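**Student:** pasted the sequence and its predicted model underneath.
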Amino acid sequence: IMDSKTEMMDAIELLKWQLELGVDENIGNSPIDRFSEIALDPDPKKKNSISEDQKMPKLNTAITQAKSLAEQSENLDQLKNSLANYEFCDLKKGARNLVFSSGDPDANVMLVGEAPGREEDIQGIPFVGRAGQLLDKMLRPIGLTRDKDQLDNNFIGTAYICNVIPWRPPQNRDPNPDEIEMMLPFLKKHIELVGPKIIVALGNISCRALIGQTGITKLRGSWFDFEQTPVMPMFHPAYLLRNTAAKKDAWSDLLKIKKKLKEIA
Ligand code: URA
């Protein structure tokens, strides 16, 4: 009894120490089912025993299911519901909330981010943290707001925002290629239902999903197409928070968006 009590006290001290270091979440790269036989098996080699051969059919099923659920969605509410019922993306298991969208569904400009962060996961709304606040500050000078009720003479239109991935990845890691691929049918449908005149791809993950390319430093500032809709790749606002010198590039991209909007809207 003494031994297990000592062990417990040690464990508590260890946890306190971790808290002091700032550890406030305990999440791995992907969720582990600790009740499954593999998780209970002490042989560590077996833990990652899903072979490539097993992975492919799993991914194919995930994509097929995503396509079918997305296809059945006739409006944004149904699409949100389909996402809530989609069980093939493991990120969902570690997230608090489905983070679907924010802004005006009738907007001419649709911005596509990467995946929710901590604040977004808590509130269930995209781009509400520091990056989101910066994004709002960037949109305002070119006359865009995501808040329809704010529309007055100072604005030329509204914006709508979603992410490639609607669930927060653990520790904000990048979504992996399989996760992006299985969520793509939902994103495509999302864009189809909103029908924007211009899409803004924020950062590499979004560029990968929408135009099949990465390398935001080279891609930004030029127009691409996503199924006939013009796409402007831009630095992600979270990147701009860390690299303020890149804000001048973002400003030049915003001006291009404003110009295009005047031409086509
Ligand atoms: N970064 C993103 O890409 N999306 C969010 O919703 C928040 C931060």
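**Tutor:** In hand now; what should we look at?

**Student:** contact partners for the closest residue to the ligand within the stretch 51-200 of the chain?
**Tutor:** Ranked by CB to the nearest ligand atom, the top residue of the stretch 51-200 of the chain for proximity to the ligand is Gly113, at 3.0 Å. Any C-beta I mention is one placed from the backbone N, CA and C, and that applies to glycine too. By CB atoms under 8 Å, 6 or more residues apart in numbering, the contact set of Gly113 is 126-127, 161-164, 202-203, 206, 236.

**Student:** let's see which of the residues you listed end up in helices.
**Tutor:** Judged by DSSP state H, the contacts of Gly113 include 203, 206 as members of helices.

**Student:** what sits up against the strand or helix carrying Gly132?
**Tutor:** Using DSSP states H and E, Gly132 sits in helix 130-139. With contact meaning CB under 8 Å, 6+ apart, helix 130-139 is reached by 111, 117, 119-120, 126-127, 145-146, 159, 161, 202, 236-238, 240-241, 250-251, 254.

**Student:** repeat that for 6 Å
**Tutor:** Identification of contacts with helix 130-139 by CB atoms under 6 Å, 6 or more residues apart in numbering yields 127, 159, 237-238.

**Student:** kindly report the same for stretch 184-196.
**Tutor:** 66-67, 70, 73, 76, 79, 83, 105, 110, 160, 162, 164, 209.

**Student:** the same query, at a cut-off of 7 Å, please.
**Tutor:** Residues outside stretch 184-196 that contact it (CB atoms under 7 Å, 6 or more residues apart in numbering): 66-67, 70, 73, 75-76, 79, 83, 105, 107-110, 160, 162, 164, 199, 209, 226, 229.

**Student:** ok, Ala209 to the ligand distance?
**Tutor:** 12 Å (CB to the nearest ligand atom, to the nearest Å).

**Student:** check what pLDDT the nearest residue to Ala238 once chain neighbours are set aside gets.
**Tutor:** Once flanking residues are discounted, Ala238 sits nearest to Ala131: 4.1 Å by CB to CB, 6 or more residues apart in numbering. According to the prediction, Ala131 has pLDDT 98.
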